[in-house]
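**Q** My questions are about this predicted structure, shown below with the sequence.
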Protein chains: 2
Amino acid sequence: MSVKTTDVRTLSRNFKDYDGKEVTVAGWVRNMRDSKTFGFLVLADGTFFNPVQVVFNQDKIDNFDEVCHLNVGAAVYVTGTVVVTPEAKQPFEIQATKVDIEGKSTPDYPIQPKRHTMEYLRTQTHLRPRTNTFQAVFRVRSLCAYAIHKFFQERDFVYVHTPLITGSDCEGAGEMFQVTTMDLNNIPKTEDGKVDFSQDFFGHATNLTVSGQLNGETYAQAFKNIYTFGPTFRAENSNTTRHAAEFWMIEPEISFADLEDDMILAEDMLKYVINYVLEHAPEEMEFFNNFIDKGLLDRLHHVANSDFGRITYTDAVAELEKHNDEFDYKVSWGCDLQTEHERYLTEKIFGKPVFVTDYPKEIKAFYMKLNEDGKTVAAMDCLVPGIGEIIGGSQREDDYDVLLKRMQECGLKEEDYQFYLDLRKYGSSRHAGFGLGFERCVMYLTGMGNIRDVIPFPRTVGNCEL
Amino acid sequence: MSVKTTDVRTLSRNFKDYDGKEVTVAGWVRNMRDSKTFGFLVLADGTFFNPVQVVFNQDKIDNFDEVCHLNVGAAVYVTGTVVVTPEAKQPFEIQATKVDIEGKSTPDYPIQPKRHTMEYLRTQTHLRPRTNTFQAVFRVRSLCAYAIHKFFQERDFVYVHTPLITGSDCEGAGEMFQVTTMDLNNIPKTEDGKVDFSQDFFGHATNLTVSGQLNGETYAQAFKNIYTFGPTFRAENSNTTRHAAEFWMIEPEISFADLEDDMILAEDMLKYVINYVLEHAPEEMEFFNNFIDKGLLDRLHHVANSDFGRITYTDAVAELEKHNDEFDYKVSWGCDLQTEHERYLTEKIFGKPVFVTDYPKEIKAFYMKLNEDGKTVAAMDCLVPGIGEIIGGSQREDDYDVLLKRMQECGLKEEDYQFYLDLRKYGSSRHAGFGLGFERCVMYLTGMGNIRDVIPFPRTVGNCEL
């Protein structure tokens, strides 16, 4: 077994218990300074946001000169005594009795103890998690993912892995990536010159999924409440701060439930995740509030303690039309709401998160439940201050004939959706669900402005590094 | 808001508290029988393995005749009084005062209350989760996934989403799926007649990942302890009961840790997951033990309470050679162990799970740490009774020069792995990790014999339904 070490997290959370005791900590040198006879070494082991300060004295360790010459980034094992330092900036320090050098670094180490730009750090995908910002981002991302699982599992939802490779295109949303094992240099062709997919791995054309919803519905009609949490893909040629080609999505689906149940679930989930992250990553959240997005903590606390508003699309449009002179795109009934409208609604009109419901059927997907007016569908978008839409959902059309008619209107082939129609034939129940883009949620929680900075290895047009 | 209902899980777990009280339950009819004046309806809502029995009387409900004519699969809301039935097979029943029909079914409903073969149910991907077997399988799958997250999160591991679309091929393991947005009918070509990947979405060739390990290592060298849990892909043309083209994998990676730490982690994780599932799905596990795999519970309890064995590959081969007459493939030093050998070791020689360590470098991947003997690497496979290998891991080569030499021996291009070499240049620390195939884990926990039956929508050669 390797050297027994104490995590900086354990030590930092319980430093008073360690006062005067000997510990061994392993980590990477973040910074150091030394004088003739002693030096300080800032050591981070990745388990805790704040590094620990190590003091090393010429007369206490064997390899003083060697330690003084360590470069930033080096890996070391430090053994020493914990000393509580109530007068100092840091609550405690370690007075080293031994410093074992595990792996050296070099003077040209790309992550120096100074401010690097986000653009530069994007070129150091494999090293940027060693910086303060990305330590904070990716710990919060991890906690956020777990909070989502915990929320649904505590409610006995079944986690369903919907497929990534798919023969269908769900709602026809966005451009799709094709998946193939055929030799691209020599694509097999049929006699009439078309691609011969019968020679491909699955025997027909396949794509990467854009949503697990339709698959998820089949499981919701068996387990009542389910959720998915997995990768989804869009091959959209858009180079924005909010779009990635590969991202993760959460899609719960609830049976014997309507749009109101759906909104309650979404609101509960968002509040749960916010509270979980605030509780489990206080240092990281403080950092974001101070250095990334001033006002973040106030905003999150406010959201966690608000009752989300409700307004129909029709009423929202009536409200927004009064302010059309303030918008780049003018609003009128029937149009899709733009981010500027969404933010105006949630920030200016409501001053808190709000659900907009009952959109015109023309601007929503075929599977959404047609309202009695015949014009709108039981859809909801959840808008939050600072972002706009964070969640989109709906009650699903559960009537076989109405669904079939909508599919025909939308030009979908009945045979491609037979499984989906079957759900409306054999014990159809009212049901609803929503989709939460995971990265958008992480951006919201951290205040990070670019989706490339909340994904460990982001994939965007022209960019698929590592 | 929709009709307020009580989940069958809540009701069943606390039925004594509900005795004499009125509840509304929503669910699907699993079975029914009726006589002239009353009937029984077996109702499942998917939240609990055992359905509830509903008694309906002609003089208590308005629509007696209609309810009598319901087909299996129909969705209903039942309101009635809970009555504890200590004399009966089931612990309680509901005496209905109201049965609201939510969605009818038809006499040709494909899931009838009789034994269907697994083969038949595979043709009903969207409906099979409504059967006992698949209710049990997919609830256990969900719990197993959550147990894995819980295990790592309780130990402060950071969950890392490694990318699915990748420009590299990791260890060159297995055939890969290509990902492209190019028009397959008209692949763009360069002047010299090759595929012009500069016109593809990412500007170069991309594939679906076969492992997140190398990416994971970059995060382990920043966060100390991390894990991945995501889909991986193999385009292998093998039609077996154990291989799927798309499956999920868990890959933890720990820094300042060696092979022994790695084995301790793997053993702790397996035991944790087994105990979690036994505790949270007792009805499902009982079902598997009775109807799928007799002896399952004994085996799992035994594993949860064993200290896993340890043996080097060299010693294991020496032991196995004594029994070469019992094997289809004869064992000798240098050969890969087959499933028959692995099972012999864990079942016959050890009678419990065992780690086999220190394999010849020739049969293992380039990144595994070379032992001092220069012949073997610090690899480990965890073998369990009834399956053989369930986990494979290793300490990673942390020496820049040794790693580079191994890469050259294996014919890998240095420039493709610069990021990976960087980890050995800037503060390299001893580290280790392993991979657990999630589906294999679910098969092990449930006793299910075919991987197609533990994946909601399985993808295999020639099969990509729904």
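**A** Received, thanks. Note that the structure is predicted; figures quoted are calculated from it, not measured.
**Q** residues contacting residue A:84?
**A** Going by CB atoms under 8 Å, 6 or more residues apart in numbering or on different chains, residue A:84 touches A:15-16, A:19, A:91-92. (Glycine included, C-beta is placed from N, CA and C.)
**Q** I'd guessed residue A:223 sits against residue B:46; true?
**A** Yes. Contact criterion CB atoms under 8 Å: residue A:223 and residue B:46 qualify, at 3.9 Å.
**Q** Which two among the contacts of residue A:84 are spaced furthest apart?
**A** A:19 and A:91 (10.3 Å; CB to CB).
**Q** what's the nearest residue to the residue of chain A most remote from its centre if we skip its chain neighbours?
**A** Distance from the C-alpha centroid of chain A peaks at residue A:59, with 49.2 Å (CA atoms, centre = their mean). Among residues not flanking residue A:59 along the chain, residue A:37 sits closest, at 7.5 Å (CB to CB, 6 or more residues apart in numbering or on different chains).
**Q** Does the one you found touch residue A:58 like I think?
**A** Yes. Counting by CB under 8 Å, residue A:37 does reach residue A:58; the two are 4.5 Å apart.
**Q** More neighbours: which of the two?
**A** Using other CB atoms under 10 Å in any protein chain shown, the more surrounded residue of residue A:37 and residue A:58 is residue A:58, with 15 against 9.
**Q** mind listing what that one touches?
**A** A:36-38, A:64.
**Q** How about residue A:321?
**A** Residue A:321 neighbours (CB under 8 Å, 6+ apart): A:331-332.
**Q** distance of the residue farthest from the centre of chain A from residue B:186?
**A** Taking CB to CB, to the nearest Å as the criterion, residue A:59 is separated from residue B:186 by 76 Å.
**Q** go on, residue A:118?
**A** Here the criterion is CB to CB. By it, residue A:118 lies 39 Å from residue B:186.
**Q** same check, this time on residue A:168
**A** 24 Å.
**Q** ok, those two, which is more surrounded?
**A** The residue with more neighbours, out of residue A:168 and residue B:186, is residue A:168; 22 against 9, by other CB under 10 Å.
**Q** ok, the more buried one touching residue A:416?
**A** Yes. Using CB under 8 Å, residue A:168 is in contact with residue A:416, at 5.8 Å.
**Q** Contact residues of the stretch 251-400 of chain A facing chain B?
**A** Taking CB under 8 Å from any CB of the partner chain as the contact definition, the stretch 251-400 of chain A meets chain B at A:255-258, A:260-261, A:264, A:398.
**Q** Just say helix, strand or coil for residue A:56.
**A** What DSSP: H, G, I helix; E, B strand; the rest coil gives for residue A:56 is strand.
**Q** can you give me the helices in the stretch 1-150 of chain A?
**A** Assigned by DSSP state H, counting those that start in this stretch, the helices in the stretch 1-150 of chain A fall at A:8-13, A:15-18, A:64-68, A:118-122, A:132-154.
**Q** Would you mind finding the most buried of those helices?
**A** helix A:132-154 (a mean of 22; mean count of other CB atoms under 10 Å in any protein chain shown).
**Q** residue boundaries of the strands in the stretch 151-300 of chain A?
**A** Secondary structure of the stretch 151-300 of chain A by DSSP state E, counting those that start in this stretch: the strands cover A:158-159, A:165-166, A:178-180, A:206-208, A:225-233, A:246-255.
**Q** any chance of the contacts of residue A:84 in JSON lines, plus pLDDT and distance to residue B:353?
**A** Listed next are those as JSON lines, based on pLDDT from 0 to 100; distance: CB to CB, whole Å:
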{"residue": "A:15", "pLDDT": "97", "distance to residue B:353": "39"}
{"residue": "A:16", "pLDDT": "97", "distance to residue B:353": "41"}
{"residue": "A:19", "pLDDT": "98", "distance to residue B:353": "42"}
{"residue": "A:91", "pLDDT": "96", "distance to residue B:353": "43"}
{"residue": "A:92", "pLDDT": "98", "distance to residue B:353": "41"}
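**Q** which one of those sits closest to residue A:421?
**A** residue A:15 (62.0 Å).
**Q** Tell me the spacing between residue A:445 and chain B.
**A** Using CB to the nearest CB, to the nearest Å, we find residue A:445 at a distance of 15 Å from chain B.
**Q** On the pLDDT front, check that residue for me.
**A** pLDDT, residue A:445: 98.
**Q** Are we agreed that it is in a helix?
**A** Yes. When three-state DSSP is applied, residue A:445 is found to be in a helix.
**Q** Count the residues that sit near it.
**A** 27.
**Q** Am I right that residue A:347 is in contact with residue A:384?
**A** No. The criterion here is CB under 8 Å, and residue A:347 misses it with residue A:384 at 9.2 Å.
**Q** Of those two, which one has the most company?
**A** residue A:384 (25 against 17).
**Q** what's across from that one in the sheet?
**A** According to DSSP bridges, the residues that bridge with residue A:384 are residue A:388.
**Q** dump the residue contacts of it.
**A** For residue A:384, the contacting residues are A:270, A:303, A:346, A:353, A:390, A:444, by CB under 8 Å, 6+ apart.
**Q** Which of these sits closest to chain B?
**A** In terms of CB to the nearest CB, no member of the contacts of residue A:384 lies closer to chain B than residue A:444, at 17.1 Å.
**Q** Quick one, grab the pLDDT at the residue nearest to that closest one when sequence neighbours are not counted.
**A** Sequence neighbours aside, residue A:387 is the residue nearest to residue A:444 in space, at 5.4 Å (criterion: CB to CB, 6+ apart). pLDDT, residue A:387: 87.
**Q** Ok, residue A:1 next?
**A** 55.
**Q** One more: the one 5 residues further on?
**A** You'll see residue A:6 listed with a pLDDT of 98.
**Q** And residue A:174, by the same measure?
**A** Looking at residue A:174, its pLDDT is 53.
**Q** And the contacts of stretch A:334-345?
**A** A:311, A:313, A:316-317, A:319-320, A:323, A:326-329, A:331, A:354, A:356, A:360, A:362-363, A:381, A:383, A:385-389.
**Q** Narrow these to those that are buried.
**A** A:311, A:313, A:316-317, A:319-320, A:331, A:354, A:356, A:360, A:381, A:383, A:385-389 (16 or more other CB atoms under 10 Å in any protein chain shown).
**Q** Okay, and which of those residues map to strands?
**A** Within those, residues falling in strands by DSSP state E are A:311, A:354, A:356, A:360, A:381, A:383, A:388-389.
**Q** Could you list the low-confidence segments of chain A?
**A** Confidence mapping of chain A against pLDDT under 70 gives the ranges A:1, A:169-174.
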